[in-house]
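>>> Dropping the sequence and predicted coords here.
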Amino acid sequence: MVTHALPANPSLHSIAAGVWRVADPKITLASVASMLVGAAAAAWQGPVAWGWLALTVLGIFFVEAAKNASGEIFDWDSGADEGVRDDERSPFSGGKRVIVDGLLTRTETAIVAAVFYAAAIAIGLAIVLSREPTVLWLGMIGIALAYFYHGPPFRLAYRGLGELAVALAYGPVIAAGTYLVQRGSIDATVLLASVPVALAIGAFLWVNEFPDARADAAAGKRTLVVRLGRPDASVVFGEILAAAYLAVFMLPVFGLPMTVWLGLAGAPHAIAASRRLYAHPEDIRHIVPAQAWTLLSFVLMSVGLAAGFVIATLT
(Lines give C-alpha, C1' and ligand atoms only; values in the text may rest on other atoms or scores of the structure.)
Protein backbone atom coordinates (compact mmCIF):
# COMPACT_ATOMS: atom_id res chain seq x y z
CA MET A 1 0.00 0.00 0.00
CA VAL A 2 1.23 3.49 -0.85
CA THR A 3 1.58 5.79 2.17
CA HIS A 4 0.07 9.23 1.64
CA ALA A 5 -1.66 11.94 3.61
CA LEU A 6 -5.42 11.57 3.93
CA PRO A 7 -7.61 14.57 3.06
CA ALA A 8 -9.26 16.49 5.86
CA ASN A 9 -12.74 15.36 6.92
CA PRO A 10 -15.15 16.55 4.23
CA SER A 11 -18.22 18.69 4.95
CA LEU A 12 -21.74 17.51 4.25
CA HIS A 13 -21.64 19.52 1.02
CA SER A 14 -18.46 17.81 -0.15
CA ILE A 15 -19.85 14.40 0.84
CA ALA A 16 -22.89 15.05 -1.34
CA ALA A 17 -20.59 16.18 -4.15
CA GLY A 18 -18.51 13.03 -3.73
CA VAL A 19 -21.54 10.75 -3.85
CA TRP A 20 -22.76 12.57 -6.95
CA ARG A 21 -19.37 12.19 -8.61
CA VAL A 22 -19.34 8.40 -8.21
CA ALA A 23 -23.06 8.12 -9.06
CA ASP A 24 -23.33 10.76 -11.81
CA PRO A 25 -25.75 9.29 -14.41
CA LYS A 26 -23.18 10.05 -17.13
CA ILE A 27 -21.10 7.18 -15.77
CA THR A 28 -23.76 4.73 -16.90
CA LEU A 29 -23.43 5.42 -20.63
CA ALA A 30 -21.64 2.11 -21.21
CA SER A 31 -24.13 0.05 -19.22
CA VAL A 32 -27.09 1.93 -20.73
CA ALA A 33 -25.74 1.20 -24.21
CA SER A 34 -25.64 -2.52 -23.44
CA MET A 35 -29.06 -2.48 -21.74
CA LEU A 36 -30.51 -0.67 -24.75
CA VAL A 37 -29.32 -3.41 -27.09
CA GLY A 38 -30.54 -6.14 -24.72
CA ALA A 39 -33.97 -4.54 -24.33
CA ALA A 40 -34.36 -3.93 -28.07
CA ALA A 41 -33.38 -7.52 -28.85
CA ALA A 42 -36.01 -8.67 -26.33
CA ALA A 43 -38.61 -6.39 -27.94
CA TRP A 44 -37.88 -8.04 -31.28
CA GLN A 45 -38.95 -11.32 -29.70
CA GLY A 46 -41.99 -10.15 -27.73
CA PRO A 47 -43.59 -7.44 -25.57
CA VAL A 48 -41.51 -5.40 -23.11
CA ALA A 49 -42.34 -5.43 -19.40
CA TRP A 50 -41.51 -1.79 -18.75
CA GLY A 51 -41.64 -1.96 -14.97
CA TRP A 52 -39.14 -4.80 -14.83
CA LEU A 53 -36.96 -3.00 -17.37
CA ALA A 54 -36.93 0.10 -15.15
CA LEU A 55 -35.95 -2.02 -12.14
CA THR A 56 -33.18 -3.66 -14.18
CA VAL A 57 -31.83 -0.25 -15.18
CA LEU A 58 -31.89 0.92 -11.56
CA GLY A 59 -30.09 -2.18 -10.31
CA ILE A 60 -27.33 -1.91 -12.89
CA PHE A 61 -26.97 1.80 -12.12
CA PHE A 62 -26.35 0.91 -8.47
CA VAL A 63 -23.72 -1.67 -9.47
CA GLU A 64 -21.99 0.94 -11.62
CA ALA A 65 -21.89 3.49 -8.80
CA ALA A 66 -20.68 0.83 -6.34
CA LYS A 67 -17.89 -0.22 -8.71
CA ASN A 68 -16.72 3.37 -9.04
CA ALA A 69 -16.73 3.91 -5.28
CA SER A 70 -14.89 0.68 -4.41
CA GLY A 71 -12.46 1.30 -7.26
CA GLU A 72 -11.64 4.70 -5.79
CA ILE A 73 -10.52 3.01 -2.57
CA PHE A 74 -8.15 0.56 -4.21
CA ASP A 75 -6.72 3.10 -6.67
CA TRP A 76 -6.15 5.44 -3.68
CA ASP A 77 -4.36 2.68 -1.77
CA SER A 78 -2.08 1.90 -4.73
CA GLY A 79 -1.43 5.57 -5.52
CA ALA A 80 -2.70 5.18 -9.10
CA ASP A 81 -5.12 8.12 -9.04
CA GLU A 82 -2.95 10.32 -6.85
CA GLY A 83 -0.05 9.77 -9.26
CA VAL A 84 -1.87 11.29 -12.25
CA ARG A 85 -0.37 14.73 -12.97
CA ASP A 86 -2.56 17.71 -13.84
CA ASP A 87 -1.31 17.64 -17.45
CA GLU A 88 -2.35 13.97 -17.71
CA ARG A 89 -5.93 14.44 -16.55
CA SER A 90 -8.80 14.24 -19.01
CA PRO A 91 -12.59 14.28 -18.72
CA PHE A 92 -12.62 10.53 -19.43
CA SER A 93 -9.79 9.10 -17.33
CA GLY A 94 -7.89 9.49 -14.08
CA GLY A 95 -10.63 8.06 -11.86
CA LYS A 96 -13.36 9.92 -10.00
CA ARG A 97 -10.75 11.28 -7.55
CA VAL A 98 -13.21 11.75 -4.71
CA ILE A 99 -10.56 10.87 -2.12
CA VAL A 100 -7.72 12.64 -3.94
CA ASP A 101 -9.77 15.84 -4.19
CA GLY A 102 -10.90 15.62 -0.56
CA LEU A 103 -14.61 15.18 -1.24
CA LEU A 104 -14.77 11.93 0.72
CA THR A 105 -12.49 10.16 3.16
CA ARG A 106 -11.48 6.58 2.49
CA THR A 107 -13.94 5.36 5.13
CA GLU A 108 -16.80 7.41 3.72
CA THR A 109 -16.05 6.11 0.24
CA ALA A 110 -16.21 2.55 1.58
CA ILE A 111 -19.60 3.28 3.14
CA VAL A 112 -20.88 4.73 -0.15
CA ALA A 113 -19.66 1.63 -2.01
CA ALA A 114 -21.30 -0.69 0.53
CA VAL A 115 -24.63 1.15 0.30
CA PHE A 116 -24.67 1.01 -3.50
CA TYR A 117 -23.67 -2.68 -3.55
CA ALA A 118 -26.41 -3.44 -0.99
CA ALA A 119 -29.00 -1.56 -3.05
CA ALA A 120 -27.96 -3.42 -6.21
CA ILE A 121 -28.16 -6.78 -4.44
CA ALA A 122 -31.60 -5.93 -3.00
CA ILE A 123 -32.97 -5.10 -6.44
CA GLY A 124 -31.36 -8.19 -7.92
CA LEU A 125 -32.96 -10.40 -5.29
CA ALA A 126 -36.34 -8.77 -5.92
CA ILE A 127 -36.04 -9.67 -9.60
CA VAL A 128 -34.86 -13.19 -8.75
CA LEU A 129 -37.71 -13.85 -6.32
CA SER A 130 -40.52 -12.19 -8.24
CA ARG A 131 -39.59 -12.36 -11.90
CA GLU A 132 -36.70 -14.52 -13.09
CA PRO A 133 -34.70 -16.85 -10.77
CA THR A 134 -31.93 -17.63 -13.27
CA VAL A 135 -30.87 -13.98 -13.42
CA LEU A 136 -29.16 -14.70 -10.06
CA TRP A 137 -26.14 -16.18 -11.82
CA LEU A 138 -25.63 -13.24 -14.16
CA GLY A 139 -26.12 -10.88 -11.23
CA MET A 140 -23.44 -12.66 -9.23
CA ILE A 141 -21.05 -12.50 -12.17
CA GLY A 142 -21.77 -8.79 -12.62
CA ILE A 143 -21.17 -7.98 -8.94
CA ALA A 144 -17.97 -10.03 -8.94
CA LEU A 145 -16.60 -8.32 -12.04
CA ALA A 146 -17.48 -4.91 -10.58
CA TYR A 147 -15.72 -5.49 -7.27
CA PHE A 148 -12.76 -7.56 -8.41
CA TYR A 149 -11.99 -5.19 -11.29
CA HIS A 150 -9.98 -3.24 -8.69
CA GLY A 151 -10.40 -5.26 -5.51
CA PRO A 152 -8.33 -8.09 -4.03
CA PRO A 153 -7.54 -10.85 -4.39
CA PHE A 154 -7.96 -10.77 -8.17
CA ARG A 155 -7.33 -7.06 -8.88
CA LEU A 156 -8.13 -7.66 -12.55
CA ALA A 157 -7.22 -4.16 -13.76
CA TYR A 158 -3.81 -4.49 -12.10
CA ARG A 159 -3.07 -7.81 -13.81
CA GLY A 160 -3.89 -6.92 -17.41
CA LEU A 161 -7.32 -8.57 -17.22
CA GLY A 162 -9.42 -5.46 -16.69
CA GLU A 163 -10.05 -4.95 -20.38
CA LEU A 164 -11.47 -8.46 -20.75
CA ALA A 165 -13.59 -7.99 -17.62
CA VAL A 166 -15.08 -4.75 -18.96
CA ALA A 167 -15.83 -6.26 -22.38
CA LEU A 168 -17.51 -9.24 -20.73
CA ALA A 169 -19.52 -7.15 -18.23
CA TYR A 170 -20.64 -4.41 -20.61
CA GLY A 171 -21.30 -6.80 -23.45
CA PRO A 172 -22.83 -10.24 -22.78
CA VAL A 173 -23.51 -9.92 -19.04
CA ILE A 174 -25.56 -6.71 -19.08
CA ALA A 175 -27.20 -7.24 -22.47
CA ALA A 176 -28.08 -10.87 -21.74
CA GLY A 177 -29.23 -10.03 -18.22
CA THR A 178 -31.57 -7.36 -19.55
CA TYR A 179 -32.90 -9.78 -22.17
CA LEU A 180 -33.30 -12.57 -19.61
CA VAL A 181 -35.48 -10.46 -17.31
CA GLN A 182 -37.76 -9.75 -20.27
CA ARG A 183 -37.89 -13.11 -22.03
CA GLY A 184 -37.11 -15.66 -19.31
CA SER A 185 -34.28 -17.20 -21.33
CA ILE A 186 -31.16 -16.16 -23.22
CA ASP A 187 -31.27 -16.39 -27.00
CA ALA A 188 -28.33 -16.38 -29.41
CA THR A 189 -29.73 -13.13 -30.81
CA VAL A 190 -28.75 -11.04 -27.81
CA LEU A 191 -25.40 -12.76 -27.38
CA LEU A 192 -24.48 -12.05 -30.99
CA ALA A 193 -25.63 -8.43 -30.77
CA SER A 194 -23.61 -7.95 -27.58
CA VAL A 195 -20.30 -8.89 -29.22
CA PRO A 196 -19.71 -5.63 -31.15
CA VAL A 197 -20.94 -3.63 -28.14
CA ALA A 198 -18.45 -5.46 -25.90
CA LEU A 199 -15.60 -4.71 -28.29
CA ALA A 200 -16.53 -1.04 -28.73
CA ILE A 201 -16.88 -0.42 -24.99
CA GLY A 202 -13.65 -2.34 -24.38
CA ALA A 203 -12.01 0.03 -26.86
CA PHE A 204 -13.30 2.99 -24.83
CA LEU A 205 -11.60 1.63 -21.71
CA TRP A 206 -8.47 1.00 -23.79
CA VAL A 207 -8.15 4.59 -25.01
CA ASN A 208 -8.91 5.87 -21.51
CA GLU A 209 -5.86 4.00 -20.22
CA PHE A 210 -3.50 6.09 -22.35
CA PRO A 211 -3.42 9.28 -20.24
CA ASP A 212 -3.03 7.21 -17.04
CA ALA A 213 -0.32 4.88 -18.38
CA ARG A 214 2.64 6.53 -16.62
CA ALA A 215 0.86 6.78 -13.25
CA ASP A 216 -0.56 3.26 -13.61
CA ALA A 217 2.89 1.82 -14.29
CA ALA A 218 4.34 3.59 -11.26
CA ALA A 219 1.53 2.21 -9.07
CA GLY A 220 1.93 -1.35 -10.35
CA LYS A 221 -1.31 -1.22 -12.32
CA ARG A 222 -0.28 -3.33 -15.31
CA THR A 223 -3.03 -2.56 -17.79
CA LEU A 224 -2.57 -3.84 -21.33
CA VAL A 225 -1.66 -0.32 -22.47
CA VAL A 226 1.09 -0.27 -19.85
CA ARG A 227 2.26 -3.75 -20.85
CA LEU A 228 2.30 -3.04 -24.60
CA GLY A 229 3.46 0.56 -24.45
CA ARG A 230 1.44 3.38 -25.96
CA PRO A 231 2.65 3.11 -29.60
CA ASP A 232 1.87 -0.62 -29.91
CA ALA A 233 -1.33 -0.25 -27.90
CA SER A 234 -2.54 2.41 -30.35
CA VAL A 235 -2.30 -0.15 -33.16
CA VAL A 236 -4.29 -2.73 -31.15
CA PHE A 237 -6.89 -0.07 -30.39
CA GLY A 238 -7.63 0.33 -34.10
CA GLU A 239 -7.81 -3.43 -34.50
CA ILE A 240 -10.36 -3.75 -31.68
CA LEU A 241 -12.63 -1.15 -33.28
CA ALA A 242 -12.23 -2.73 -36.71
CA ALA A 243 -13.30 -6.08 -35.22
CA ALA A 244 -16.29 -4.40 -33.54
CA TYR A 245 -17.65 -2.97 -36.78
CA LEU A 246 -16.88 -6.13 -38.72
CA ALA A 247 -19.01 -7.94 -36.13
CA VAL A 248 -21.89 -5.49 -36.74
CA PHE A 249 -21.61 -6.07 -40.47
CA MET A 250 -21.73 -9.85 -40.00
CA LEU A 251 -24.80 -9.95 -37.71
CA PRO A 252 -27.38 -10.52 -40.50
CA VAL A 253 -25.42 -13.58 -41.60
CA PHE A 254 -26.44 -15.15 -38.28
CA GLY A 255 -30.12 -14.37 -38.67
CA LEU A 256 -30.40 -10.89 -37.19
CA PRO A 257 -32.37 -8.33 -39.22
CA MET A 258 -30.43 -6.32 -41.78
CA THR A 259 -31.64 -3.16 -40.08
CA VAL A 260 -29.02 -3.75 -37.36
CA TRP A 261 -26.57 -2.34 -39.91
CA LEU A 262 -27.70 0.99 -38.48
CA GLY A 263 -25.12 0.15 -35.81
CA LEU A 264 -22.46 1.05 -38.38
CA ALA A 265 -23.34 4.70 -37.71
CA GLY A 266 -20.51 4.89 -35.18
CA ALA A 267 -17.84 3.75 -37.64
CA PRO A 268 -16.72 7.25 -38.80
CA HIS A 269 -15.96 8.25 -35.22
CA ALA A 270 -14.12 4.98 -34.67
CA ILE A 271 -11.96 5.65 -37.72
CA ALA A 272 -11.24 9.21 -36.58
CA ALA A 273 -10.32 8.02 -33.08
CA SER A 274 -8.05 5.28 -34.42
CA ARG A 275 -6.21 7.64 -36.73
CA ARG A 276 -5.76 10.27 -34.01
CA LEU A 277 -4.48 7.82 -31.42
CA TYR A 278 -2.10 6.13 -33.87
CA ALA A 279 -0.64 9.50 -34.88
CA HIS A 280 -0.33 10.86 -31.31
CA PRO A 281 -0.15 7.99 -28.79
CA GLU A 282 1.96 10.00 -26.30
CA ASP A 283 0.27 13.41 -26.52
CA ILE A 284 -2.58 13.83 -24.03
CA ARG A 285 -3.96 16.89 -25.84
CA HIS A 286 -4.51 14.79 -28.96
CA ILE A 287 -5.71 11.74 -27.06
CA VAL A 288 -8.68 13.54 -25.46
CA PRO A 289 -10.53 13.98 -28.81
CA ALA A 290 -9.89 10.29 -29.54
CA GLN A 291 -11.51 9.44 -26.20
CA ALA A 292 -14.56 11.55 -27.05
CA TRP A 293 -14.88 10.03 -30.52
CA THR A 294 -14.62 6.51 -29.11
CA LEU A 295 -17.43 7.32 -26.67
CA LEU A 296 -19.58 8.63 -29.51
CA SER A 297 -18.72 5.57 -31.54
CA PHE A 298 -20.03 3.02 -29.07
CA VAL A 299 -23.10 5.14 -28.23
CA LEU A 300 -24.03 5.50 -31.91
CA MET A 301 -23.36 1.81 -32.49
CA SER A 302 -25.65 0.81 -29.62
CA VAL A 303 -28.41 3.23 -30.59
CA GLY A 304 -28.16 2.02 -34.18
CA LEU A 305 -28.34 -1.65 -33.21
CA ALA A 306 -31.33 -0.98 -30.94
CA ALA A 307 -33.06 1.07 -33.64
CA GLY A 308 -32.47 -1.77 -36.06
CA PHE A 309 -34.28 -4.21 -33.77
CA VAL A 310 -37.14 -1.76 -33.22
CA ILE A 311 -37.58 -1.15 -36.95
CA ALA A 312 -37.58 -4.91 -37.57
CA THR A 313 -40.22 -5.30 -34.87
CA LEU A 314 -42.49 -2.71 -36.49
CA THR A 315 -42.18 -3.99 -40.07
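Received it, and whenever you're ready, just let me know what you need. In this text the structure is predicted, and so the values were computed from the model without any measurement.
>>> surely Ala169 meets Ile143?
No: using Cβ atoms under 8 Å, Ala169 is not in contact with Ile143; the gap is 10.1 Å. Every residue, glycine included, has its C-beta placed from N, CA and C.
>>> per-residue confidence averaged over stretch 276-293?
On average, the pLDDT along stretch 276-293 is 96.
>>> Next: stretch 198-213.
pLDDT averaged over stretch 198-213 gives 96.
>>> What part of this structure, helix or strand, is modelled with the least confidence?
helix 12-23 (a mean of 86; mean pLDDT, DSSP states H and E).
>>> what's Gly95 sitting at in phi/psi?
Backbone geometry at Gly95, expressed as degrees, to the nearest 10, gives phi 80, psi 180.
>>> circling back: does anything pack onto the least confident helix or strand of the chain? Which helices or strands?
Helix 12-23 sits against helix 50-78, helix 106-130, with contacts defined as 3 or more Cβ pairs under 8 Å, 6 or more residues apart in numbering; DSSP states H and E.
>>> So which bits of that helix are buried?
In terms of neighbour count (16 or more other Cβ atoms under 10 Å), helix 12-23 has its buried residues at 14-15, 18-19, 21-23.
>>> So which residues make contact with it?
10, 61, 65, 68-69, 72, 96-98, 102-104, 108-109, 112, 116 (Cβ atoms under 8 Å, 6 or more residues apart in numbering).
>>> Now, of these, which are buried?
The neighbour-count criterion (16+ other Cβ under 10 Å) marks 10, 61, 65, 68-69, 72, 96-98, 102-104, 108-109, 112, 116 among the contacts of helix 12-23 as buried.
>>> of those, closest to Leu29?
Phe61 (11.3 Å; Cβ to Cβ).
>>> What spatial separation is found between that closest one and Ala122?
Per Cβ to Cβ, to the nearest Å, Phe61 is found 13 Å from Ala122.
>>> and if you look at Ala39?
Distance from Ala39 to Ala122, by Cβ to Cβ: 22 Å.
>>> With neighbour numbers in mind, choose between the two.
A count of neighbours by other Cβ atoms under 10 Å puts Ala39 above the other of Ala39 and Ala122, at 24 against 11.
>>> What does the pLDDT read for Phe154?
Model confidence at Phe154 (pLDDT) stands at 96.
>>> quick one, what contacts the nearest residue to it once chain neighbours are set aside?
Excluding the flanking residues, the one nearest Phe154 by Cβ to Cβ, 6 or more residues apart in numbering is Phe148, at 4.2 Å. Residues in contact with Phe148 (Cβ under 8 Å, 6+ apart) are 154-156, 165.
>>> same thing with Ala244?
Applying Cβ under 8 Å, 6+ apart, we find Ala244 in contact with 196-197, 199-200, 203, 270, 301.
>>> Please repeat the previous calculation with a cut-off of 6 Å.
196, 199-200 (Cβ atoms under 6 Å, 6 or more residues apart in numbering).
>>> again, but for Ala290
207, 273, 276-277 are the contacts of Ala290 under Cβ under 6 Å, 6+ apart.
>>> three-state assignment of it?
Look at Ala290: counting by DSSP: H, G, I helix; E, B strand; the rest coil, its state is helix.
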